[in-house]
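# Need a 3D model of the sequence below.
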Amino acid sequence: MTGAGTEELRTPAGLRRTNTAAALQAVLGEGPLPRADLAERLGLAPGTVSRIVSPLVAAGLLRELPALTGGGGRPRVPVDLVAGSRYAIGVHLGRQRTTAGLVDLRGQVHEVRMQERGPGAACELISGVRELVAALVKDAGPVPVLGVGAATGGWVDPAAGVVVDNEALGWRDVPLHALLSEALGPGLPVVVDSGARAHATAEVWFGGARGTETSVHLFTGNVIDAALAIDRRVLTGARAAAGAIGHLPIRESGPACACGRRGVLQAVASDRAVVDAAVAAELVAEGAGLEDVARLAAPGTAADGLLRERARHIGAAVAHLVDLFDPGLVVLSGGVLSYVDEVRAEAARRIGRSWDPGCVQPTALGPHALAVSSAAPLLAAYYADPLTYETFG
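Model prediction:
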């Protein structure tokens with residue numbers, strides 16, 4: 001929990017922090033809930049729950065619904081989350097564009113803004129982020145904005161706030177948290193993470209991985225990354241490099257990666273790799289994007305063949321991840337969603353009959369998955385300790 005040590009948690013103030021977070025998470029996951037049911041789930045006395053809930057209702061974060069009648073005894077008044085009472089801003093820094101969105105407490109997107117651009121130095125991109133965030137804060141009107149979650153591909157150390165390596169952007173050791181905090185000012189706390197871990201966080205809090213004990217999340221774009229989640233905990237690894245599968249060997253030969261190796265996943269299955277192959281086959285011109293290849297991909301065409309080959313490479317990666325972690329769910333996001341069946345078939349071919357390919361599912365985050373996922377680390381931090389972000393009562 002942010003800023004709260006073991007000793008602090010034993011104090012009345014520390015217990016209040018813990019119980020406030022637990023109450024909000026319970027209502028998010030299971031609400032609406034009568035206070036008596038909430039007390040039972042949390043193992044707290046009804047009076048304690050009332051002291052927690054009443055300030056949250058007064059702050060507009062929770063609301064009371066009409067009383068439930070019947071069954072004798074006092075009427076039971078459910079409380080529910082007011083999803084639109086607070087917003088987070090999610091910012092995704094991709095190779096070709098920056099995507100930013102206004103996201104509510106249930107992970108629903110209310111506004112999206114984008115800036116088209118090419119790769120650039122961090123200071124150049126941060127200027128554009130400042131403009132997008134300012135516009136979204138204005139869009140939020142009187143609704144408080146809790147802060148900004150920022151995600152990008154590659155190797156990101158969330159504790160240090162540093163992008164260690166993002167090949168697509170050409171970034172190395174970029175202090176993204178510090179740069180954004182300086183650009184956005186003290187009124188907007190910033191949380192940064194890798195794109196894959198941000199997607200995993202969004203899925204376990206708001207998407208299809210809720211309630212799944214172990215899930216693997218695989219993002220395919222200009223950068224290919226994975227993340228492992230156990231319950232609601234997304235693992236970062238000792239060096240914050242967990243899930244860095246871009247250099248996984250897939251073919252004995254093939255295009256060279258920036259690292260110098262050939263036939264690795266990043267070099268054969270990223271968006272850039274597909275576009276380069278399409279340019280070499282004279283299907284599209286130099287400067288084209290993946291969307292241009294996709295427009296040509298009618299069944300049986302050469303473009304369709306390239307995208308199916310990419311999906312088979314992703315299926316091979318899924319097979320490796322299943323062998324390593326045996327997850328109950330594998331969530332795909334990014335550029336392979338039109339070829340999920342191809343991914344499943346290749347993974348099943350490699351794993352064998354004992355595995356159910358139905359555990360591979362497309363993301364449940366909808367068309368604005370980049371905005372939701374980028375906001376998710378900030379929202380998860382808020383739910384872990386809301387009193388770090390605001391006071392109640």
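# going forward, measure contacts between C-alpha atoms and count neighbours the same way
OK.
# Am I right that residue 89 is in a strand?
Yes - when DSSP: H, G, I helix; E, B strand; the rest coil is applied, residue 89 is found to be in a strand.
# who does it bridge with?
On the basis of DSSP bridges, residue 89 is bridged to residue 102, residue 148.
# how much space is there between it and residue 142?
Going from residue 89 to residue 142 by C-alpha to C-alpha, to the nearest Å gives 15 Å.
# Comparing the two, which shows the higher neighbour count?
Per other C-alpha atoms under 10 Å, whichever of residue 89 and residue 142 has more neighbours is residue 89, with 32 against 10.
# Wait, that one touches residue 133, no?
Yes - at 7.3 Å, residue 89 counts as touching residue 133 under the criterion of C-alpha atoms under 8 Å.
# Quick check: neighbours shared by the two?
Overlap between the contact sets of residue 89 and residue 133, as judged by C-alpha atoms under 8 Å, 6 or more residues apart in numbering, is given by residue 100.
# Alpha carbons of the longest helix belonging to the chain, as CSV, please.
Longest helix in the chain, counting residues (DSSP state H): helix 302-325. Provided in CSV are the C-alpha atoms of helix 302-325 (Å, rounded to 0.1, in the frame of the first residue of the first chain):
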residue,chain,number,x,y,z
ALA,A,302,-1.2,-11.9,-50.1
ALA,A,303,-1.9,-9.4,-47.3
ASP,A,304,-4.1,-11.8,-45.6
GLY,A,305,-1.3,-14.4,-45.8
LEU,A,306,1.1,-12.0,-44.1
LEU,A,307,-1.3,-11.3,-41.2
ARG,A,308,-2.0,-15.0,-40.8
GLU,A,309,1.7,-15.8,-40.7
ARG,A,310,2.1,-13.1,-38.0
ALA,A,311,-0.8,-14.7,-36.0
ARG,A,312,0.9,-18.1,-36.2
HIS,A,313,4.1,-16.5,-34.8
ILE,A,314,2.0,-15.1,-31.9
GLY,A,315,0.5,-18.6,-31.5
ALA,A,316,4.0,-19.9,-31.0
ALA,A,317,4.6,-17.3,-28.4
VAL,A,318,1.3,-18.2,-26.6
ALA,A,319,2.5,-21.9,-26.6
HIS,A,320,5.7,-20.9,-24.8
LEU,A,321,3.8,-18.8,-22.3
VAL,A,322,1.3,-21.6,-21.6
ASP,A,323,4.1,-24.1,-21.1
LEU,A,324,5.9,-21.7,-18.6
PHE,A,325,2.9,-20.5,-16.6
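# Many thanks, we can stop here.
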